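Engineer: I would like the atomic coordinates for the input below:
(one chain, ligands or ions: 2)
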Amino acid sequence: FLQLATAHEIKSEQGRAAQWLRDANDRAGRVYYNLQVARWVYATNITKFNGERQHNASIMSAEFDREAAENATSFAWENFTDSDLRRQFRKISDVGSAALLRKDKAKYERLISLVTKMETTYSEGQVCDKKGTCLDLEPGLTRLMATSRNYSELLDAWKGWRDATGRKIRDDYKEFVSLSNEAAVENGYRDTGDYWRSWYDTADFRDQLEQLYEEMKPLYLNLHAYVKNKLKAKYGESLFPPSGHIPAHLLGNMWAQSWNNIFDIVEPFAGKPSVDVTPKMKELNYTPRRMFNISDEFFTSLGLEAMPQEFWDHSMLEKPTDGRKVVCHASAWDFYNKKDFRIKQCTDITMDDLITVHHEMGHVEYYLQYKEQPVVYRRGANPGFHEAVGDVLALSVSTPTHLKEIGLLDNVTNDNESVINYLMSIALDKIAFIPFGYLMDQWRWGVFNGSIKFEEYNKEWWKLRCKYQGVSPPIHRNESDFDPGAKYHIPANTPYIRYFVSYVLQFQFHEALCNTANQTGPLHMCDIYRSTEAGAKLGNMLKLGSSKPWPEALEKVTGTRNMSANAILLYFKPLIDWLKVQNQGQTITWSEECPIEYYTTTSVPSTAKPANSTGRLHNGFFIVA
Ligand SMILES: C[C@H](N[C@H](C(=O)O)[C@@H]1CCCN1C(=O)[C@@H](N)CC(=O)O)C(=O)N1CCC[C@H]1C(=O)O
Ligand SMILES: [Zn+2]
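Structural biologist: Ligands and ions are numbered 1, 2, ... in the order given. Sure thing, here's the model as predicted:
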């Protein structure tokens, strides 16, 4: 009898709990909408007033989360037989940094103020010349890093950016780490890194990441060796340290995280149709709006959701010209009201930005697909899934046949040399990224768990950069510098391992969707355009949001429950074979330690002349510290 009563009790309690959850999810939608509006207004118009408004909305939202978690404890939800109720309650009970609110509201306010302050410093960063002409990161410094082939000009922009951002937030970051860890402990975790990894709900997550990195490492070593030889031919052997590292400012990108802008320097076979469509986009007078339309049309060709009118009405697709200060770093926004979804991007007319457009649109497509889920489930199956969606489509868009179909390429040749050129252009983005995507949170997890001390923040950063990426600082660095702070995700406090996970998953998705689309050719030439079967398979996974464990979501698309590097290795097989021939007899590794002449632990004045650059003047640009 007692059991019957208990079972009956649990059933009726589950009924009450389900009602409470529906109500909590509705209230969460309204609270998060207000938060997102306040954050959006600030990100698209940085003013003191908007900053305070955003701050207050953040407090309100955190108060709501904390209170909901508190109320959830009035249900014995761990005993519930309904696994979906248990899953929702578990997620509502995890309040993240808002746990600090319960312990010390002033500390929580300081924590979120520090992140806003660091992200604002980053977004306002500029590099100016003697006449007072200044370059922002977007588009000025990004274009310079992509197009300049002048060693010292690149060096001044590289150093100037770090002086203008990382150097300024070093102490703020130290304070942030301590408050963030205090919040993580209050939330039941060892430290912030422990909390962030919990989102993957994978016991041996770090081992799996290490294993994936090792599997892809040969690809990176061979690409690094080949690119280094081409750069030496361009800039002169003497500018490269004997340790085997590549100076970090020569790779066409402020962080050396993707190298596609130096394709012209490393092109394997000259005289083939260019795979860099930037010139063609400019020739055809492309606008940002047209770039977004191309991506939107690809999604609808798969039978997926089109961008709603609100998206086109409220997004910021270009850098404002009315003097407003904005956070230019591209991002996608869910307003949690099932109607309002936006992208904020200071879009430049380049191939790079066409890829970023697809990346951001992938986020919005995920938002659209899971918008009917309870608010607690409107997340990626794991954060890597959210990063992979847009990139999967971009793998199809980037194929020469697709670029020709949309008029960005005049003719397509698919002889072996053209295939190598094409794979090289994709590898300069995808393979080059692997060690960077891996090391960013290796550094941050080390900072959060205390193994990386404040006094060695920059030294440990360069140890990882030299070890995994094989890039070295082109000028003296010391502990007055804070080079991790020159990369958006550190001041903005956005985790990064999600991109490493995404670069593995996106090739698994690509391979599976290509099979579904009956694309029988080599994986690197597959284009799933207009395949509604592939679209349905992808859409059915996206609709789940985070309502199921991510291996289940992965299995729905790929048939496997594990991350695997096999798909990316299959995709680049022809290139790796070709690279191995090119690198025959060469040393394809580098010494693990940074070339010591570039790293000093004592702080030297930041105007120290670069060890190797010729002059300081170029294009009238003189970098003041
Ligand atoms: C350009 C892109 N901007 C991020 C992204 O889109 O992931 C922005 C900023 C941080 C989070 N974010 C979002 O938009 C989230 N709201 C999406 C979501 O979680 O819903 C970015 O930072 N990228 C793309 C390639 C590698 C990395 C880089 O550029 O290093
Ligand atoms: Zn993203």
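
Engineer: gap between the residue of the stretch 451-600 of the chain found nearest ligand 1 and Asp348?
Structural biologist: The nearest approach of the stretch 451-600 of the chain to ligand 1 comes at Thr494, 4.1 Å away (C-beta to the nearest ligand atom). Where you see a C-beta, it was placed from the backbone N, CA and C, and this is true even at glycine. Here the criterion is C-beta to C-beta, to the nearest Å. By it, Thr494 lies 21 Å from Asp348.

Engineer: is the residue of the stretch 451-600 of the chain closest to ligand 1 in a helix, a strand, or coil?
Structural biologist: The three-state assignment at Thr494 reads coil, by DSSP: H, G, I helix; E, B strand; the rest coil.

Engineer: isn't it right up against Tyr488?
Structural biologist: Yes: proximity of Thr494 to Tyr488 meets the contact threshold set by C-beta atoms under 8 Å, at 7.3 Å.

Engineer: could you check the pLDDT of the spatially most central residue of the chain?
Structural biologist: The centroid of the chain falls nearest to Tyr499 when counting by C-alpha atoms, centre = their mean (5.1 Å). Confidence at Tyr499, expressed as pLDDT, is 98.

Engineer: mind listing what the residue of the stretch 201-350 of the chain found nearest ligand 1 touches?
Structural biologist: Distances between the stretch 201-350 of the chain and ligand 1 by C-beta to the nearest ligand atom are smallest at Ser331, namely 3.4 Å. Residues in contact with Ser331 (C-beta atoms under 8 Å, 6 or more residues apart in numbering) are Ala43, Ile343, Lys344, Gln345, Glu360.

Engineer: try it again at 10 Å.
Structural biologist: By C-beta atoms under 10 Å, 6 or more residues apart in numbering, the residues touching Ser331 are 39-40, 43, 316, 342-345, 360, 363, 488, 492, 494.

Engineer: from Arg102, how far out is Thr133?
Structural biologist: Look at Thr133 and Arg102: by C-beta to C-beta, they are 50 Å apart.

Engineer: that older thread, sec struct for the residue nearest to the centre of the chain, please.
Structural biologist: Applying three-state DSSP: Tyr499 is helix.

Engineer: I figured it hits Phe433, correct?
Structural biologist: Yes: Tyr499 is within contact range of Phe433, at 7.3 Å (criterion: C-beta atoms under 10 Å).

Engineer: all strands of the stretch 1-150 of the chain, in order?
Structural biologist: 126-128, 134-136 (DSSP state E, counting those that start in this stretch).

Engineer: could the ones you listed be laid out in JSON lines, adding mean neighbour count?
Structural biologist: Below are the strands of the stretch 1-150 of the chain laid out as JSON lines (neighbours: other C-beta atoms under 10 Å):
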{"stretch": "strand 126-128", "mean neighbour count": "18"}
{"stretch": "strand 134-136", "mean neighbour count": "18"}
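
Engineer: tabulate those (a markdown table), appending mean pLDDT.
Structural biologist: Formatted as a markdown table, the strands of the stretch 1-150 of the chain follow (pLDDT from 0 to 100):
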| stretch | mean pLDDT |
| --- | --- |
| strand 126-128 | 97 |
| strand 134-136 | 97 |
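
Engineer: how many neighbours does the residue of the stretch 451-600 of the chain closest to ligand 1 have?
Structural biologist: Thr494: 15 surrounding residues under other C-beta atoms under 10 Å.

Engineer: same question for Ala106.
Structural biologist: Neighbour tally, Ala106, other C-beta under 10 Å: 8.

Engineer: cool, Gln309 as well?
Structural biologist: 9.

Engineer: for the chain, what's the longest helix?
Structural biologist: In terms of residue count, the longest helix belonging to the chain (DSSP state H) is helix 2-43.

Engineer: what about that one, near ligand 1?
Structural biologist: No: Helix 2-43 does not reach ligand 1 (C-beta under 6 Å from any ligand atom); its nearest approach is 9.9 Å.

Engineer: ok now that helix, how far from the chain's centre?
Structural biologist: For helix 2-43, the separation from the chain centroid amounts to 30 Å (computed by C-alpha atoms, centre = their mean, to the nearest Å).

Engineer: same check, this time on stretch 479-490
Structural biologist: Distance of stretch 479-490 from its chain centroid, counting by C-alpha atoms, centre = their mean, is 16 Å.

Engineer: show me the strands in the stretch 451-600 of the chain, by range?
Structural biologist: Counting by DSSP E, counting those that start in this stretch, the stretch 451-600 of the chain has these strands, from start to end: 471-472.

Engineer: which residues of the stretch 451-600 of the chain lie near ligand 1?
Structural biologist: Neighbours of ligand 1 within the stretch 451-600 of the chain, by C-beta under 6 Å from any ligand atom: Thr494, Tyr499.

Engineer: what's the burial count for Lys548?
Structural biologist: Using other C-beta under 10 Å: Lys548 sits among 16 other residues.

Engineer: what helices or strands is the worst-scoring helix or strand of the chain on mean pLDDT leaning on?
Structural biologist: Ranking every helix and strand in the chain by mean pLDDT, DSSP states H and E puts helix 2-43 at the bottom, with a mean of 92. The contact analysis (3 or more C-beta pairs under 10 Å, 6 or more residues apart in numbering; DSSP states H and E) places helix 2-43 against helix 48-72, helix 83-93, helix 105-123, strand 331-334, strand 341-344.

Engineer: please enumerate the shared neighbours of Tyr499 and Phe433.
Structural biologist: Each of Gln257 lies in contact with both Tyr499 and Phe433 under the rule C-beta under 10 Å, 6+ apart.

Engineer: contact partners for the residue of the stretch 51-200 of the chain found nearest ligand 1?
Structural biologist: Here the stretch 51-200 of the chain gets closest to ligand 1 at one residue, Glu119, 9.9 Å apart by C-beta to the nearest ligand atom. When contacts are counted by C-beta under 10 Å, 6+ apart, Glu119 touches 42-43, 46, 169, 327, 329, 488-494.

Engineer: can you tell me how far it is from Pro383?
Structural biologist: Separation of Glu119 from Pro383 (C-beta to C-beta) stands at 19 Å.

Engineer: and Thr47, by the same measure?
Structural biologist: 31 Å.

Engineer: between the two, tell me which one has more neighbours.
Structural biologist: Neighbour comparison, Thr47 and Pro383: the larger count goes to Pro383, with 22 against 12 (by other C-beta under 10 Å).

Engineer: ok, the more buried one - contacts?
Structural biologist: When contacts are counted by C-beta under 10 Å, 6+ apart, Pro383 touches 196, 199-200, 494-499, 501-502, 546, 550.

Engineer: make it 6 Å
Structural biologist: Trp199, Arg498 (C-beta atoms under 6 Å, 6 or more residues apart in numbering).

Engineer: my guess is Met424 is in a strand, correct?
Structural biologist: No: Met424 is assigned helix when assessed by three-state DSSP, not a strand.

Engineer: not counting its neighbours along the chain, what's nearest it?
Structural biologist: For Met424, ignoring the flanking residues on the chain, the nearest one in space by C-beta to C-beta, 6 or more residues apart in numbering is Pro268 at 5.5 Å.

Engineer: what are the phi and psi values at the one you found?
Structural biologist: phi -70, psi -50 (degrees, to the nearest 10).

Engineer: quick one: it and Val419 touch, right?
Structural biologist: No: Pro268 sits out of contact with Val419 when judged by C-beta atoms under 6 Å, with a separation of 10.0 Å.

Engineer: now do the contacts for the residue nearest to Ser591 when sequence neighbours are not counted.
Structural biologist: If the residues on either side of it in the chain are set aside, Ser591 comes closest to Ser243, at 4.4 Å by C-beta to C-beta, 6+ apart. Counting by C-beta under 6 Å, 6+ apart, Ser243 makes contact with Trp590, Ser591, Pro595.

Engineer: spit out the contact partners of the last one.
Structural biologist: Looking back up the chat, that one is Pro595. Counting by C-beta under 6 Å, 6+ apart, Pro595 has contacts Pro241, Ser243, Ser472.

Engineer: per-residue pLDDT, it?
Structural biologist: As predicted, Pro595 sits at a pLDDT of 92.

Engineer: apart from its chain neighbours, what residue comes closest to it?
Structural biologist: Nearest non-adjacent residue to Pro595, counting by C-beta to C-beta, 6+ apart: Pro241, 3.6 Å away.
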